[in-house]
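Asks: predicted model and sequence below, questions to follow.
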Amino acid sequence: MQPPSVRVRAAATGDLMSIRALSMTTPWEKSDFVKRAVDLGHVSVAVNQDIILGFIVWNDEFFEKPFVWLIVVDSNHRRLGIGTKLFEYVEARHAGHRLYTSTNRSNYIMAAFLSGRGYAVVGEIDLDPGDPEIFYRQSRHVG
């Protein structure tokens with residue numbers, strides 16, 4: 001599949017239905033979380049010809065540090081650089097500050113993605129018995 005021409009922008013209220021539809025492809029229900037994040041301006045979307053191919057949710061509420069809470073890319077458009085563009089967008093917004101994120105130990109694809117972007121493991125919490133949440137920090141300051 002050819003990589004789509006993608007631009008990343010802040011999510012708008014009109015994007016909510018598409019964002020919610022993408023979020024339904026993940027394990028836990030998060031409609032209220034996503035709506036609050038959009039309302040607060042903490043969601044960015046990857047768009048190709050007005051179609052949302054992915055989104056990222058972030059804020060500065062993790063010990064007052066920038067944190068990516070969720071990233072979702074449409075399953076038909078994965079491995080085309082969309083996740084990279086979403087992370088680059090958030091990293092640029094927080095230039096001069098290290099970005100943090102987490103994923104379950106079982107999410108090998110996300111762990112490899114983060115490692116490739118220069119994120120280092122900084123800890124874990126056993127939130128999901130048998131599949132701990134692994135926390136990552138951007139290894140270097142950007143900007």
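Replies: On my side now, so go ahead.

Asks: sec struct for residue 34, please.
Replies: helix (DSSP: H, G, I helix; E, B strand; the rest coil).

Asks: count of neighbours near it?
Replies: Residue 34 has 23 neighbouring residues, counting by other Cβ atoms under 10 Å. All C-beta atoms are positioned from the backbone trio N, CA, C, and that covers glycine.

Asks: that one and residue 16 touch, don't they?
Replies: Yes - using Cβ atoms under 8 Å, residue 34 is in contact with residue 16, at 7.4 Å.

Asks: excluding chain neighbours, what is closest to residue 22?
Replies: The shortest distance from residue 22 to any non-neighbouring residue, by Cβ to Cβ, 6 or more residues apart in numbering, is to residue 72 (5.0 Å).

Asks: where does this protein dip in pLDDT?
Replies: Scanning the chain for pLDDT under 70 picks out 1-4, 140-143.

Asks: mind doing that once more with 50?
Replies: Applying pLDDT under 50 to the chain flags residues 143.

Asks: spatially central residue for it, please.
Replies: For the chain, the residue nearest the mean C-alpha position is residue 71 (2.7 Å; Cα atoms, centre = their mean).

Asks: that one reaches residue 84, doesn't it?
Replies: No - contact status for residue 71 versus residue 84: not in contact, 10.3 Å apart, counting by Cβ under 8 Å.

Asks: please, where are all the helices along the protein?
Replies: 16-23, 31-39, 82-93, 108-116 (DSSP state H).

Asks: report the angle between the first one and helix 31-39.
Replies: Meaning helix 16-23. If you take axes from the mean of the first three to the mean of the last three Cα atoms, to 10 degrees, helix 16-23 sits at 130 degrees to helix 31-39.

Asks: tell me which residues of stretch 101-119 come out buried.
Replies: 101, 102, 103, 104, 110, 111, 113, 114, 117, 119 (16 or more other Cβ atoms under 10 Å).

Asks: and that stretch, how far out from the chain middle?
Replies: 11 Å (Cα atoms, centre = their mean, to the nearest Å).
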